[in-house]
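S.K.: got a sequence here, can you model it:
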Amino acid sequence: MENIDRAGNSQIKIGVLLAPFGPARGIMAHTYGRAVEQLQETGLAIEVRIDNMAGADQTAVDPDPAFMKWLDDDADLVLAHIPPAYDAVFTQLQTLHQETGKPVIPLSPECAAIAGGTDRQTIKTLWAYHGNGGLTNVRNLLRFVIHVSGFRTDDALPPPEEMPRCGIYHPDSLIFRADGEQLAQMLYTLGVKPVWDGSRITRLEVIPLETLKRPRVDITVQLSNMLRDTCHYAYGKGSFGVAARHAFTANLKHVSVTYDKWDSDEYDILECCHIFGSHGGFTQAVKTVSGKEVDVYFGDTHDPDRPRIRDMADELDRVARTRLLNPTWIESKKRHGYKGATVMADRIYHIYGWQATTRLVGNWVFDDIARTFALDEEMRRWFEANNPYALESITRRLIEADQRSLWQADPELLEQLRQVFLEVEGWMEDRMEDVTGDFQGSDIDIVKIDQYKVAK
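M.R.: Okay, here's the model as predicted:
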């Protein structure tokens, strides 16, 4: 294996196989190209060829045979970032390593089985460079590969730079209501822009870093199922819902921020259960897979001239104060009797859901919910007359929140709440006039996820 000197007396040839994880792979290929140019300017003789294993419509394809022949005949070493599901490619790379002795270096732990022999710390460093992304990291990744493969480099390598990763929840309504505003935000976050032909977008164009003046930010998008089914840009040509669990999980491991935006103040994040289920659930998935805490943000563009970004904790506080616990809002719902009580109970369930998925709801919110809706005598009598089932739901949900440590309730307040719960059960039993024999009222049992299979 030849050494490379900085006078350019010899050249190292590196082949890179990138898994087809969407348009970001094209951006990564562009970044590799820029990194090679900069390394060449320093006097390092290097050639890099890339196959991103994706067709023109971004659907997955086998590696280009001509590329694989170049790996076999000319390349000095191979970098691979492909999921284990690509069995045939794994076999090709293993054969290449065994027959030629060329290093086949995995860029992530999932690829470690390709050829073996790469130690855990090296893989960890490679993945840190590759996974964090950005021009500086890719440039240093190539330098590091040259170093660990036995070629010579003269200067020390800095540690990988941490780059932000963003997970975005994209609901269906914004594509219709806001002229694709959130999709435009996604593209600009990646550092690309659409190229228009009249009223149609024909392709995406990478914005040069000198124009962008910031690092590109990788994104992972959680689409709502309604958007998926009504606007088919979620799929590529000839690709209809191909499962990509490995790719999705791999991306979630590196998300550090989740984000959603709304274009109207006529409704809010307590409006429906799917909102905390989608954005909150997305956030919880990232926490579970990555083992890290996640920053959660909310974008407000209801006034296009004054767009705002808030911490989700601040947005939950704002909505609780201005609507759920606002006496004017409560009175407006009371005018609707049974339905109004249902809306109150639903919103309390939704704020409970946000707390279960993100832990961002202030303790004071649950305190005030208990005092406003359950412990207030006048409010209780209104529920009794209009919809006792709604108050049963509210009190049951609050007690469950305490039992799950989602709310640190004052012991005295909690005892008062339990008494209200028993009182409401009495109302409900009194209304079941023709029931005979034993009657079991409500019960609150917490079943953890690891007990679920037994419980069901």
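
S.K.: does Lys292 sit in a helix, a strand or a coil?
M.R.: Look at Lys292: counting by DSSP: H, G, I helix; E, B strand; the rest coil, its state is coil.

S.K.: same thing with Gly299?
M.R.: Recorded secondary structure, Gly299: strand (three-state DSSP).

S.K.: now the spatially closest residue to it that is not a sequence neighbour: how far from Gln182?
M.R.: Among residues not flanking Gly299 along the chain, Lys261 sits closest, at 3.0 Å (CB to CB, 6 or more residues apart in numbering). In this view, the C-beta of every residue, glycine as well, is placed from N, C-alpha and C. Distance of Lys261 to Gln182, computed by CB to CB, to the nearest Å: 6 Å.

S.K.: ok, now Thr301?
M.R.: 9 Å.

S.K.: where does the nearest residue to Tyr86 once chain neighbours are set aside land on pLDDT?
M.R.: Residue nearest to Tyr86 in three dimensions, not counting chain neighbours: Ala19, with 7.5 Å by CB to CB, 6+ apart. Listed pLDDT for Ala19 reads 70.

S.K.: ditto for Asn387
M.R.: 94.

S.K.: likewise for the one 3 residues further on?
M.R.: According to the prediction, Ala390 has pLDDT 95.

S.K.: number of nearby residues for the residue nearest to Val148 when sequence neighbours are not counted?
M.R.: Spatial nearest neighbour of Val148, chain neighbours left out: Thr122 (5.6 Å); criterion: CB to CB, 6+ apart. If you count neighbours by other CB atoms under 10 Å, Thr122 ends up with 16.

S.K.: roughly how far apart are Thr122 and His147?
M.R.: Taking CB to CB, one finds Thr122 at 10 Å from His147.

S.K.: again, but for Asp305
M.R.: Asp305 is 52 Å from His147, by CB to CB.

S.K.: which one's more surrounded, the two?
M.R.: More crowded of Asp305 and His147, by other CB under 10 Å: His147, with 14 against 5.

S.K.: please, which helix or strand holds the more buried one?
M.R.: Using DSSP states H and E, His147 sits in helix 135-148.

S.K.: pLDDT averaged over that helix - what is it?
M.R.: Computed over helix 135-148, the average pLDDT equals 85.

S.K.: as CSV, could you dump the C-alpha coordinates of it?
M.R.: Presented in CSV, the C-alpha positions along helix 135-148 are these (Å, rounded to 0.1, in the frame of the first residue of the first chain):
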residue,chain,number,x,y,z
LEU,A,135,-18.3,20.0,5.4
THR,A,136,-15.7,20.1,8.2
ASN,A,137,-16.7,16.7,9.6
VAL,A,138,-16.6,15.1,6.1
ARG,A,139,-13.2,16.5,5.4
ASN,A,140,-11.8,15.2,8.7
LEU,A,141,-13.5,11.9,8.1
LEU,A,142,-11.5,11.4,4.9
ARG,A,143,-8.3,12.4,6.7
PHE,A,144,-9.1,10.0,9.5
VAL,A,145,-9.7,7.1,7.1
ILE,A,146,-6.4,7.7,5.4
HIS,A,147,-4.7,7.7,8.7
VAL,A,148,-6.3,4.5,10.1
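
S.K.: helix or strand right after it?
M.R.: Heading C-terminal from helix 135-148 (DSSP H and E), you reach strand 165-170.

S.K.: only C-alpha atoms, please: export that next one in CSV.
M.R.: Taking C-alpha atoms only, strand 165-170 is exported to CSV below (Å, rounded to 0.1, in the frame of the first residue of the first chain):
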residue,chain,number,x,y,z
ARG,A,165,-30.3,17.5,13.9
CYS,A,166,-34.0,18.4,13.6
GLY,A,167,-37.0,16.2,13.7
ILE,A,168,-40.1,17.9,12.1
TYR,A,169,-43.7,16.8,12.4
HIS,A,170,-45.6,17.7,9.2
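
S.K.: given it, what are its sheet partners and their directions?
M.R.: strand 218-223 (parallel), strand 257-262 (parallel) (DSSP bridges).

S.K.: can you tell me which of these is most buried?
M.R.: The highest mean neighbour count among the strands paired with strand 165-170 belongs to strand 257-262 (a mean of 23), with neighbours defined as mean count of other CB atoms under 10 Å.

S.K.: and the very next helix or strand once past that one, which residues are buried?
M.R.: Counting by DSSP H and E, the next helix or strand C-terminal to strand 257-262 is helix 273-275. Going by neighbour count (16 or more other CB atoms under 10 Å), the buried part of helix 273-275 is Ile275.

S.K.: what's helix 273-275 packed up against?
M.R.: helix 337-358 (3 or more CB pairs under 8 Å, 6 or more residues apart in numbering; DSSP states H and E).

S.K.: kindly export the helix it packs on (C-alpha atoms) in CSV.
M.R.: Provided in CSV are the C-alpha atoms of helix 337-358 (Å, rounded to 0.1, in the frame of the first residue of the first chain):
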residue,chain,number,x,y,z
GLY,A,337,-74.0,22.0,28.2
TYR,A,338,-73.1,18.3,27.6
LYS,A,339,-70.9,19.0,24.6
GLY,A,340,-69.1,21.8,26.3
ALA,A,341,-68.2,19.6,29.3
THR,A,342,-66.9,17.0,26.8
VAL,A,343,-64.6,19.6,25.2
MET,A,344,-63.2,20.5,28.7
ALA,A,345,-62.5,16.9,29.5
ASP,A,346,-60.9,16.3,26.1
ARG,A,347,-58.5,19.2,26.5
ILE,A,348,-57.5,18.0,29.9
TYR,A,349,-56.8,14.6,28.5
HIS,A,350,-54.7,16.2,25.7
ILE,A,351,-52.6,18.2,28.2
TYR,A,352,-52.1,14.9,30.1
GLY,A,353,-50.9,13.4,26.8
TRP,A,354,-48.4,16.2,26.3
GLN,A,355,-47.0,15.6,29.8
ALA,A,356,-46.9,11.8,29.2
THR,A,357,-44.9,12.2,26.0
THR,A,358,-42.7,15.3,26.7
